[in-house]
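Peer 1: give me the fold of what follows.
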Amino acid sequence: MENNKINKIMIIQGEETLNYGNFMMLLNCIHYSAKALNYECEFFVRLHSFKDEKRIKRELDNKKIILKTFLKKEFIFQKKERNKVKNLFNKIFVFKCRLFDDLFLIKKIIQDNHIDKVFVLGGDNFNEGYKGWAISTNLFQIKIISMITKVFLISQTIGPFYSWRKKFSKYCFKNVSIYCRDYGSVKYLKKEIGLRENIFSSSDLAFLDLPNQNKKNNQEHLLKKNSYVTLVPSGLFGQYCSSFNEYVGIWEQIIKEVLIKKELLSKKILLLPHVLNEDELKIDDMTIIKELKKRFRENERVKVAKGVFYPSEARSILGNGFFTVTGRMHAAISSFQKGVPALSLSYSVKYSRIIGGKLGIKELVIEANSLNKNTITKIVSERMSYLIRKRTKIISKIGREVGTAKKEIIGSINQINNS
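Peer 2: Numbering: from 1, shown residues only. Next up, the predicted model:
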């Protein structure tokens, strides 16, 4: 690496600061990259709004880090409407913004500022389970950007791709360095897509300590350590079942199981959102939590973690719990990172690949997207009993595996920033 050279790094796909998992990855990418480069760097970070910039600076809390921001085009104008026709035009507009306007802005900033590298953060931007064929816009962007500067996909779960997107992905990923957070993605890219070079096994950025993690925060007094079970319902109810009410009913049954389990009679239940949305018309984690609280309004053991948290605060809450039951994978990762067991209700390959494969604790993953309410509740109850019985052994294993994951992602960050 050239002495006294200021490294200019652009970061995209990390703009969801109200998605605590996404925000954790962004913070750690900036924090540990800056350390690897001895703070001889500038970060150009794409965001949704300038409020996000304030949240990032508050959590980084480091004046040595030079942060420059720009807004994601589609979110300057997009607003969801109740009218279906207007919504259709909004979708067309967003597609146009992502494919052309947003890409034009990225190219201009890269060229005007002589950006050395672009980091594209994980983890589901290249998984058709979320966006279907529209994922091709992400692939196209990566291809164009890789033609003008170095591109690194970091902490990614890749695939599966279907139909023409398989060949298209191979074309777009050529000359791109991909750091996968799970072995399954490495295997998929090499065997199914046919890529041979620049594919690396890594881990999830969120396994690392957050910049503010070891500082006292306002959430530490919320409840005493080990006095509660944390439940994190996901707002993505459509990934589990077709009906909103059915999904809320699943979590209602899980809460009832926790309330009656004799080993947990002394514990409270804390409902924690891990992804929020400023658009009141969109369903997020708090939408589910509010509905659940209505059904348990008379029960003093059921509490809600209210407000908008910083990642360090959310992690502190999860880390003080007895164990976690979650529909959000990064809530599980934060629990593990703090030495707390977590049961995950899976709807995507990332759970089995990362928690089951990378960490080797597949018994803490429940494939919940194809099960009915009664079956899920029964399995969750059985796994909670197993977790309680084997808690000490599980915590010991989690500690070892998280330690390995930390070393792996630090090695990747050093390799990327010194390339």
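Peer 1: gap between the lengthiest helix in the chain and the chain center?
Peer 2: For the chain, the longest helix by residue count, based on DSSP state H, is helix 391-417. From the chain centre to the centre of helix 391-417 is a distance of 17 Å (CA atoms, centre = their mean, to the nearest Å).
Peer 1: equivalent analysis for stretch 46-62, please.
Peer 2: Stretch 46-62 has its C-alpha centroid displaced from the chain centroid by 17 Å (CA atoms, centre = their mean).
Peer 1: kindly report the same for stretch 268-287.
Peer 2: Worked out by CA atoms, centre = their mean, stretch 268-287 lies 15 Å from the chain centre.
Peer 1: can you tell me the average pLDDT over that stretch?
Peer 2: Averaging pLDDT along stretch 268-287 gives 92.
Peer 1: pull the CA atoms of it into PDB?
Peer 2: Taking Å, rounded to 0.1, in the frame of the first residue of the first chain, the C-alpha atoms of stretch 268-287 are listed here in PDB:
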ATOM      1  CA  LYS A 268     -40.600 -11.700  31.600                       C
ATOM      2  CA  ILE A 269     -41.000 -11.500  27.800                       C
ATOM      3  CA  LEU A 270     -39.500  -8.500  26.000                       C
ATOM      4  CA  LEU A 271     -40.800  -7.800  22.400                       C
ATOM      5  CA  LEU A 272     -38.000  -6.100  20.500                       C
ATOM      6  CA  PRO A 273     -38.200  -4.700  16.900                       C
ATOM      7  CA  HIS A 274     -35.100  -5.100  14.900                       C
ATOM      8  CA  VAL A 275     -36.300  -3.400  11.600                       C
ATOM      9  CA  LEU A 276     -38.400  -0.300  11.600                       C
ATOM     10  CA  ASN A 277     -39.800   1.700   8.700                       C
ATOM     11  CA  GLU A 278     -40.700   5.400   8.700                       C
ATOM     12  CA  ASP A 279     -43.400   4.800   6.100                       C
ATOM     13  CA  GLU A 280     -46.500   4.200   8.300                       C
ATOM     14  CA  LEU A 281     -48.200   2.300   5.400                       C
ATOM     15  CA  LYS A 282     -45.500  -0.400   5.400                       C
ATOM     16  CA  ILE A 283     -45.500  -3.300   7.800                       C
ATOM     17  CA  ASP A 284     -42.400  -3.500  10.000                       C
ATOM     18  CA  ASP A 285     -41.500  -5.400  13.200                       C
ATOM     19  CA  MET A 286     -43.300  -2.900  15.400                       C
ATOM     20  CA  THR A 287     -46.500  -3.400  13.500                       C
END
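Peer 1: could I get the buried residue list for it?
Peer 2: Within stretch 268-287, the residues that qualify as buried are 268-277, 283-287, counting by 16 or more other CB atoms under 10 Å. Using the backbone N, CA and C atoms, a C-beta is placed for each residue, glycine as well.
Peer 1: identify the farthest-apart pair in those residues.
Peer 2: Pairwise distances across the buried residues of stretch 268-287 (CB to CB) peak at 26.6 Å, for the pair 268 and 277.
Peer 1: what segments of the stretch 201-350 of the chain are helices?
Peer 2: Using DSSP state H, counting those that start in this stretch, the helices of the stretch 201-350 of the chain run over residues 244-260, 285-295, 311-319, 329-337, 349-351.
Peer 1: okay, the ones you listed, which one's buried deepest?
Peer 2: Greatest average neighbour count among these goes to helix 329-337 (a mean of 29), per mean count of other CB atoms under 10 Å.
Peer 1: distance between that helix and the chain's centre?
Peer 2: 10 Å.
Peer 1: count of neighbours near the nearest residue to residue 274 once chain neighbours are set aside?
Peer 2: Once flanking residues are discounted, residue 274 sits nearest to residue 328: 4.2 Å by CB to CB, 6 or more residues apart in numbering. Other residues near residue 328 number 25, with proximity taken as other CB atoms under 10 Å.
Peer 1: now residue 328: phi and psi?
Peer 2: Main-chain torsions, residue 328, degrees, to the nearest 10: phi -120, psi 120.
Peer 1: that older thread, what's the closest of the helices of the stretch 201-350 of the chain to residue 377?
Peer 2: Between the helices of the stretch 201-350 of the chain, helix 244-260 lies closest to residue 377; by CB to CB that is 4.2 Å.
Peer 1: shaky segments in this protein?
Peer 2: Within the chain, the ranges that satisfy pLDDT under 70 run 1-4, 73-84, 86-87, 91, 94, 98, 130, 217-222.
Peer 1: give me the domain ranges for it.
Peer 2: Here the domain parsing of the chain from automatic domain parsing is 7-211+406-417, 228-404.
Peer 1: distance across the first one, terminal residue to terminal residue?
Peer 2: Distance across domain 7-211+406-417, first residue to last, is 9 Å (CA to CA, to the nearest Å).
Peer 1: and for the last one?
Peer 2: From the first residue to the last, domain 228-404 extends over 28 Å; the measure is CA to CA.
Peer 1: follow-up on the earlier one: which secondary structure elements does the longest helix of the chain contact?
Peer 2: Helices and strands touching helix 391-417, by 3 or more CB pairs under 8 Å, 6 or more residues apart in numbering; DSSP states H and E, are helix 20-36, strand 150-156, strand 177-180, strand 199-201, helix 329-337.
Peer 1: in that helix, which residues are buried?
Peer 2: For helix 391-417, by 16+ other CB under 10 Å, it's 394, 397-398, 401-402, 405, 408-410, 412-413, 416-417.
Peer 1: give the contact list for the nearest residue to residue 209 once chain neighbours are set aside.
Peer 2: Counting by CB to CB, 6+ apart, residue 337 is the residue found nearest to residue 209 once chain neighbours are left out, at 7.7 Å. Shown in contact with residue 337 (CB atoms under 8 Å, 6 or more residues apart in numbering): 206, 207, 208, 209, 315, 319, 402.
Peer 1: tell me the angle whichever strand or helix holds residue 137 makes with strand 150-156.
Peer 2: Assigned by DSSP states H and E, residue 137 belongs to helix 136-146. Orientation check (axes from the mean of the first three to the mean of the last three CA atoms, to 10 degrees): helix 136-146 against strand 150-156 gives 140 degrees.
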